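> Just a sequence and a predicted model for now, questions to come.
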Amino acid sequence: MFYAHTKEGVPEEEWQPLEEHLKNVSRLAGEFAGKFGNKEMGELIGLAHDIGKYGKEFQERLKGSNKRVDHSSAGAKLMKQKYGDTIGLILANGILGHHGGLKNFYGVTGSGSSVQERLKQNVDDFQAYQSEISFPKQVSPFIKDLQKSQMNFSLSFYTRMLFSCLVDADFLDTERYINEEKTEKRSVNIPIPFLKEKFYAELEEMRKGKKITELNKIRNEILDDCINAAKQEPGMFTLTVPTGGGKTLSSAAFALKHAEEYGLERVIYVIPFTSIIEQNASVFRNFLDKEVVLEHHSNVDYSEIFDDENYNRSLQEERWRLASENWDFPFIVSTSVQFFESLFHHKTSKCRKLHNMAKSVIIIDEAQSIPVDYFRMCLEGLKELTRSYGSTVVLCTATQPYIDQFFLTEKKPVEIISRPSELYLLCKRTEVEYLSEISDDDICGRLLESDKALCIVNTKKHAHYIYQKLSRDSDEGIYHLSTHMYPEHRANILKEIRERLKTEERCIVVSTSLIEAGVDISFPYVYRSLTGIDSIAQAAGRCNREGDLKDEWGNRINGRVYVFESIEKHALPKGWMSYAASLGKEILQRYEDPLSLEAIEEYFKQLFSKDTTVLDRKKIFEDYNENELQYEFRELSERFSFIDSNTIPVIIPINDKVEGKVSELHYAKYPSLIVKELQKYIVNVYEYELKKLQESKSVLLVQDGLYILNDDSLYSEKEGLLVEEDSKYLNGFLNI
């Protein structure tokens with residue numbers, strides 16, 4: 001008898017037979033790959049992945065031997081031998097990586113870790129497999145409609161997708177043997193048609209309760225367009241909805257009906273900013289059964305989602321945690337970082353969920369926020385999902401990036417809204433005015449003339465300076481927001497701002513761009529430091545959001561958005577953001593309405609045409625597409641990182657609970673789980689900022705790469721972490 005796994009305290013005769021494990025994984029991987037027409041390949045990789053365990057050395061290890069055994073190379077070599085340089089290498093990549101992650105093809109010579117070297121090394125005799133396992137003589141991988149111009153990229157994507165099927169199947173079958181109770185907690189068998197009916201019933205109740213206003217009429221038209229478009233065939237869509245047009249609910253209505261219409265398995269709602277993901281997830285939970293919405297990001301605290309005692313909390317929390325491993329859930333809300341970095345990662349823990357992106361409706365909210373450096377990779381990944389894996393993708397934004405240049409030989413994305421330009425004019429609630437060059441003193445003077453005003457700037461240093469000037473005499477009703485505040489602190493400040501806006505009291509806010517996209521907040525006056533037109537449009541979305549501003553005679557008026565060009569050195573964006581700002585200035589000066597769809601299209605055309613290599617600045621797509629199945633998976637995935645790897649997390653010990661969690665890190669069996677719990681109290685700083693904190697002995701090292709603030713005086717309830725900064729444009733609000 002050959003065995004795959006043992007279990008503590010269980011006699012040998014109750015160990016899991018190897019034949020059983022291989023056939024179970026084969027069946028599961030086949031089911032997963034069957035969603036994109038590749039059941040045969042899924043079954044094959046599952047059957048071969050642990051074939052090396054038939055070797056004598058591995059069986060002795062199960063019985064107590066301390067000798068380290070490589071059980072993956074055998075299956076990889078066998079697949080390469082049986083199925084050749086294309087199919088065989090695709091299978092070998094997945095098998096070699098099914099524990100440690102996909103590998104570089106070449107890697108460091110002599111390390112023994114590369115695909116090339118692993119395929120050459122000797123392995124323990126495993127031929128005993130022939131008494132229990134047989135393989136087909138030939139197989140045909142299913143990869144349809146590949147563009148010849150990007151064949152190699154498509155094959156790399158296919159390799160990773162097949163790898164996902166294998167690792168998830170392997171994890172699930174191993175878990176079923178080791179801990180069957182955990183397996184039972186995974187089940188959430190709620191069909192999409194049921195969710196769609198519930199969602200639409202809640203939607204109808206909401207419509208009945210809304211006042212008949214011009215804005216609500218427009219929102220209803222947008223919703224109807226989404227419902228009608230859901231009958232169109234799966235593919236790529238754009239949803240161009242003016243800010244405040246109700247795109248969150250309308251896009252979800254499209255997704256659920258479209259999924260029902262075409263038998264798609266789940267809805268994945270991708271949001272760029274952690275500052276708004278909880279807000280949107282809460283909306284979806286109000287329209288659907290609470291337990292069917294999986295919220296997956298670094299700041300989520302599942303225990304806080306419950307507001308009554310009608311749930312088995314421990315069971316539901318465990319179910320969500322398990323589902324976050326592979327996204328086997330009907331409705332998922334996650335971040336752009338989590339979604340896209342998983343799409344191109346090499347680690348098993350990240351890749352498990354990939355096959356569940358197939359046959360899904362994927363909503364990319366605020367699509368213009370995809371980082372420019374990775375735009376090509378992200379778009380090509382989304383195209384692959386629609387072309388070969390049965391998914392539908394919706395690019396959802398008020399400022400649609402111009403992407404026609406990437407669909408020269410393919411069907412272009414279909415716009416869901418029937419008359420987007422007209423709807424923009426009907427939804428127009430703001431007027432934009434360009435103030436040209438202006439000092440901080442002048443901006444502060446203008447802000448203090450208003451009872452309610454928002455000022456958004458490009459750098460944290462600029463926000464700090466303006467806040468200091470505004471609050472010089474009194475900080476009553478004056479607020480500051482930046483990523484130097486830990487997430488829970490920012491959320492509390494935003495809550496206080498919303499409450500104050502309902503009163504007649506003063507409310508003046510200075511913020512970095514974290515407030516721009518999707519934060520449900522509204523001011524009559526918004527000041528925006530010069531930047532790209534897409535960011536200006538997002539800032540305008542925080543002005544007169546409901547269109548309910550009136551003059552002294554009760555007539556409706558538009559809110560005012562003032563774009564100013566600061567003369568202060570600490571205010572100037574650098575690099576790519578500087579170029580985007582110069583283009584923004586050009587559009588502001590050329591167009592009467594710089595936020596019209598025509599102006600935005602022109603802006604993106606110029607932005608993307610200046611230097612198309614900037615859309616793949618790290619040459620990740622280029623390197624994938626030039627290699628013929630000899631991919632450097634590990635190295636390329638490390639180059640694909642939305643968050644600047646130079647940032648270091650600093651824990652802010654605001655109370656005994658946080659300090660207690662930090663203490664647990666020193667002896668915890670799974671410290672990563674505690675770090676996850678601490679995410680709400682972490683501020684990410686750059687290396688030069690950390691150095692300043694270290695020089696003043698203001699931080700202590702907790703564990704490798706993680707620090708805790710050691711000086712309470714450096715954390716302000718008004719401004720967050722106080723560190724001297726330069727004017728580098730930071731995107732710290734993007735979290736894993």
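Sure, I can see it. Numbers count the residues shown, from 1 in each chain.
> following the helix or strand Val702 falls within, which helix or strand comes up?
Using DSSP states H and E, Val702 falls within strand 699-703. Heading C-terminal from strand 699-703, the first helix or strand you meet, by DSSP H and E, is strand 706-709.
> List of residues touching the helix or strand following that following strand?
Note on strand 706-709: by DSSP H and E, the next helix or strand toward the C-terminus is strand 715-716. Strand 715-716 is contacted from outside by 652, 654, 709, 721-722, using Cβ atoms under 8 Å, 6 or more residues apart in numbering. No exception for glycine: its C-beta is placed from N, CA and C like everyone else's.
> how about 7 Å then?
Strand 715-716 is contacted from outside by 652, 709, 721-722, using Cβ atoms under 7 Å, 6 or more residues apart in numbering.
> With stretch 262-269 instead?
234, 252, 255-256, 258-259, 329-333, 356-357, 359-363, 365, 392.
> Narrow those residues to those in helices?
By the criterion of DSSP state H, membership of those in helices covers 252, 255-256, 258-259.
> ok, Ala571 - contacts?
Ala571 sits next to 457-459, 462, 529, 727 when contact means Cβ under 7 Å, 6+ apart.
> Could you rerun that using 6 Å?
His462 (Cβ atoms under 6 Å, 6 or more residues apart in numbering).
> Can you verify my assumption that His346 contacts Arg634?
Yes: assessed by Cβ atoms under 6 Å, His346 is found in contact with Arg634 at 4.7 Å.
> Out of the two, name the residue with the larger neighbour count.
A direct count of neighbours by other Cβ atoms under 10 Å for His346 and Arg634 places His346 higher, at 23 against 20.
> Flag the shaky bits of the stretch 1-150 of the chain, pLDDT-wise.
Along the stretch 1-150 of the chain, the model assigns pLDDT under 70 to residues 108-112, 142-149.
> So which residues of it form strands?
3-5, 16-17 (DSSP state E, counting those that start in this stretch).
> closest to Glu677 out of those strands?
Shortest distance between Glu677 and those, using Cβ to Cβ, is found for strand 3-5: 30.3 Å.
> Could you please name the strands the closest one pairs with and the direction of each pair?
Next to strand 3-5 in the sheet, as set by DSSP bridges, lie strand 16-17 (antiparallel).
> Which residues does the partner strand contact?
Strand 16-17 is contacted from outside by 4-5, 177, using Cβ under 6 Å, 6+ apart.
> nearest to Pro671, of those residues?
His5 (25.6 Å).
> Neighbours of the closest one, how many?
18.
> if I look at the nearest residue to Asp475 once chain neighbours are set aside, how far off is Val683?
In this structure, Asp475 finds its nearest non-sequential neighbour in Lys718, 6.5 Å apart by Cβ to Cβ, 6 or more residues apart in numbering. Per Cβ to Cβ, to the nearest Å, Lys718 is found 15 Å from Val683.
> out of those two, which sits in the busier spot?
Shown here are Lys718 and Val683; by other Cβ under 10 Å, Val683 has more neighbours (25 against 14).
> quick one: secondary structure of the more buried one?
With DSSP: H, G, I helix; E, B strand; the rest coil as the basis, Val683 sits in strand.
> so how far is stretch 623-638 off the chain centroid?
Relative to the chain's own centre, stretch 623-638 is displaced by 22 Å; criterion: Cα atoms, centre = their mean, to the nearest Å.
> which of the residues in that stretch are buried?
623-625, 627, 629, 631-637 (16 or more other Cβ atoms under 10 Å).
> Looks like Phe564 contacts Ile438 (just checking).
Yes: counting by Cβ under 6 Å, Phe564 does reach Ile438; the two are 4.7 Å apart.
> neighbour count winner among those two?
Phe564 (22 against 19).
> which residues in the stretch 401-550 of the chain form helices?
Counting by DSSP state H, counting those that start in this stretch, one finds helices in the stretch 401-550 of the chain at the ranges 420-427, 440-448, 460-470, 487-501, 533-540.
> helices and strands around the fourth one, which ones?
In terms of contact count using 3 or more Cβ pairs under 6 Å, 6 or more residues apart in numbering; DSSP states H and E, helix 487-501 is assigned the packing partners strand 507-511.
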